[in-house]
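**Student:** After the sequence you'll find the predicted model.
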Amino acid sequence: MTSFWHPFADQAAVAAGGELVIDRGEGVHVWDEAGRRYLDATAGLWFCNAGYGRQEIADAAAAQLARMPHYSCFGDFANRPVLDLAERLAALAPVPGTVSFFTSGGSDAVDTAVKLVRRWWQETGHSERSLIAVRRNAYHGMHVAGTSLSGIPANRQGYGELLESVVQVPWDSADALAAALDEAGPAAEAEVRALLDEPQLRPFARVWLVQQGLEDPRSLDRDSAALLMAESLGSILDQDGPDGLLEYLGQLGPPAEQADVLGDLWRAATPRAAELLGVVARAHPSAQVAKAARKAAFKLRTTTRR
């Protein structure tokens, strides 16, 4: 074994089996020192999607290295390539006024993102907003913040106390995320209320506050009310299936009243609402209600594409 300490490796296994030394690459293939060729399906470590042996990339890198390989951008310092790249990214980004903070890799990016978001809430008077929810099995890098957020037990064990105010939920369950907020109780209220200032998240925040008894249901706007209805109907669909959902809708009143309820469901603008409307459109015995569901589903699709 060489003097190199391999990351993400069992050093004993490396010592016993030896190292696979990659020597060169061309296109989507790499060769080891023995001349064996491999298809590089992972693009290195997901960072060489452009492929190997790209002469134009090598020439551009060589020209920049000859002109100036690096200079700090602390304070008011900058260089032309970093400014040009930031402007190009801003032009491509869907959010007006986008700025870029460049890092050396994913782990750096995750640590910086955690620091930026917590600092933002400190500076805007919401220091109580420190809770970070992460999904199990998720990978967020191996710096301190990324290790703290890791949903992979082997990546976070054995380092002692890491970042506080981190909660893990199953990767595929919005209900588990809601339950985590419920368990946080009063500690989560301030963080959820802060979301009322964010238009895209406001309906979700209002629904949660109403469900916790912290807001009067009459305070809900139409979007929030639609989201609350979608969540309620979704729970019925999960527990009782399509037949149970249709039975519940029947208890709301005659077809005209059911159609009114479904007519606003597009405002929830969630995959859950789309699922519910699809079930009703296909299975409801009333043509009036099924038509209202199809119309709402169409409005939902056209709204989310904007």
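**Tutor:** Right, received. Where do you want to start? Model, not experiment: these values are computed from the prediction. Numbering: from 1, shown residues only.
**Student:** show me the contacts for Asp264.
**Tutor:** When contacts are counted by CB atoms under 8 Å, 6 or more residues apart in numbering, Asp264 is found next to Arg222, Ala225, Ala226, Met229, Ala296. All C-beta spots, glycine's among them, are computed from the backbone N, C-alpha and C.
**Student:** Find the residue closest to the first one in space, skipping its chain neighbours.
**Tutor:** To tie it back to what came earlier, the one meant is Arg222. Arg267 (5.7 Å; CB to CB, 6 or more residues apart in numbering).
**Student:** Isn't that neighbour up against Asp223?
**Tutor:** Yes. Contact criterion CB atoms under 8 Å: Arg267 and Asp223 qualify, at 4.7 Å.
**Student:** which of those two has more neighbours?
**Tutor:** Arg267 (22 against 19; other CB atoms under 10 Å).
**Student:** and the gap between the more buried one and Leu228?
**Tutor:** Using CB to CB, to the nearest Å, we find Arg267 at a distance of 11 Å from Leu228.
**Student:** Over to Ile132?
**Tutor:** In terms of CB to CB, Ile132 sits 26 Å off from Leu228.
**Student:** ok, those two, which is more surrounded?
**Tutor:** Leu228 (20 against 17).
**Student:** For the helix or strand where the more buried one lies, name the packing helices and strands.
**Tutor:** Taking DSSP states H and E as the definition, Leu228 sits inside helix 222-251. Helix 222-251 sits against helix 202-211, helix 255-263, helix 271-283, with contacts defined as 3 or more CB pairs under 8 Å, 6 or more residues apart in numbering; DSSP states H and E.
**Student:** Just name the most buried of the ones you listed.
**Tutor:** helix 202-211 (a mean of 21; mean count of other CB atoms under 10 Å).
**Student:** coming back round to it: OK, contacts around the residue nearest to Arg222?
**Tutor:** Arg222, Asp223, Ala225, Ala226, Leu227.
**Student:** Surely it is within a helix?
**Tutor:** Yes. Secondary structure of Arg267 (DSSP: H, G, I helix; E, B strand; the rest coil): part of a helix.
**Student:** Kindly indicate which of the contacts of Asp264 lies nearest His140.
**Tutor:** Ala226 (33.1 Å; CB to CB).
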